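Below: sequence and its predicted model.
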Amino acid sequence: MEPNQESLRTNLLEDPVLQKYVAELVEQKVAERFDRMQLSIDQALPQVQSVASPAPSDRVTLFVFSGDMDRLVSAFMIATGAAAMDFKVTMYFAFWSLVALKKTTRFAQKSLPQKMLSAMLPSGPNHVGISKMNMLGMGPIMLKMMMGKQNVETLPDFIALAQEMEVRLVACQMSMGVMGIQVEELIEGLEYGGVSTYLDDATDSKLTLYI
Amino acid sequence: MVDVQLDCQGLICPMPIVRISQAMRKIASNQTLEVTANDPAFGADIKAWVKKMGHTLLELEEGDIHRAIIQKS
């Protein structure tokens, strides 16, 4: 019996029809498995991506609202310091802080209240007041002297340094519209944006501050 | 022997860090930078800076004039 069984097995294994059947079966099974794997990868991929995207990148976003010299200098200190630490830094300037970015004052094509506001607001970063003890402009003069003695950079120096360090300076167009500040009145190299520009950057930042 | 020297005396926060980051960009990996500074915050700042940047602080002498040697990663 034994030799017969052996020869039968050999015959079967060499049968081309059977060989073809086995090959096709293997291929089919592998394809099925592979399809299932592909399907689970396809399902898992969006989940992985959704987890990956909210992880904050190396960014710092500052929302600068104040037009006071002490606050503006603090904001620029953090911005240039963060840039020196290789963070991508963006500063958004809204309302009173916009005066820090002014290079000139124009009155043409402005409404009466806007003209009055332009006349009353500081004409640029060298003329901003301070948040405490302003004393009709005496405070900033004294503070500037004290900062100069300590070798602290002036606000215009900080603005130039920030631009040199590729800090993005974004002016809020809504504030500009309300206050009647024109693009021609502001320094070069600015970007212009709105609330979603800020939020897009801020939600992707490791740090965001309102100053 | 250090590769590059940088004098930050007279500069105050954040300027030493700004100048160091600019100087470090110009040197190659494993090269060293020696910094002198008299900013009172220098010691704390340089430690935080190398930690964030991944460089190595080989030496730090704190005093009236601080001296630090940083190796670029």
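Everything's here; your move. Residues are numbered from 1 along each chain as shown, chains lettered A, B, ... in the order given.

Which secondary structure elements does the helix or strand hosting residue B:51 sit against?
Using DSSP states H and E, residue B:51 maps to helix B:42-53. With contacts defined as 3 or more C-beta pairs under 8 Å, 6 or more residues apart in numbering or on different chains; DSSP states H and E, the packing partners of helix B:42-53 are helix B:15-26, strand B:56-61, strand B:66-71. Heads up, the C-betas are built off the backbone N, CA and C, glycines and all.

Not counting its own residues, what contacts stretch A:132-140?
Under the contact criterion C-beta atoms under 8 Å, 6 or more residues apart in numbering or on different chains, stretch A:132-140 has outside partners A:69-70, A:128-130.

Check those residues against residue B:2 and report the nearest one.
Distance to residue B:2 across these (C-beta to C-beta) is lowest for residue A:70, with 37.8 Å.

coming back round to it: can you check which of the helices and strands packed on helix B:42-53 gets nearest to residue A:26?
Ranked by C-beta to C-beta, the member of those that lies closest to residue A:26 is strand B:56-61, at 56.2 Å.

Which positions in the closest one come out as buried?
The neighbour-count check on strand B:56-61 (16 or more other C-beta atoms under 10 Å in any protein chain shown) flags residue B:60 as buried.

Is chain A within reach of it?
No - counting by C-beta under 8 Å from any C-beta of the partner chain, chain A has no neighbours in strand B:56-61; the shortest distance is 14.5 Å.

who in chain A is up against chain B?
A:77, A:80-81, A:83-86, A:150-153, A:161, A:165.

Buried among those? Need that as a selection in PyMOL.
This is how PyMOL selects the buried members of the residues of chain A next to chain B, with burial counted by 16+ other C-beta under 10 Å:
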select buried, chain A and resi 77+80+81+83+84+85+152+153+161+165
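
near chain A, which residues of chain B?
When proximity is defined as C-beta under 8 Å from any C-beta, chain B approaches chain A at B:10-15, B:17-18, B:20-22, B:49, B:52-53.

least trustworthy position among the residues you listed, going by pLDDT?
Note: of the residues of chain B next to chain A, the lowest pLDDT belongs to residue B:13, at 88.

and the residues of chain B next to chain A, which two are the farthest apart?
Greatest spacing in those, by C-beta to C-beta: B:10 and B:52 (24.6 Å).
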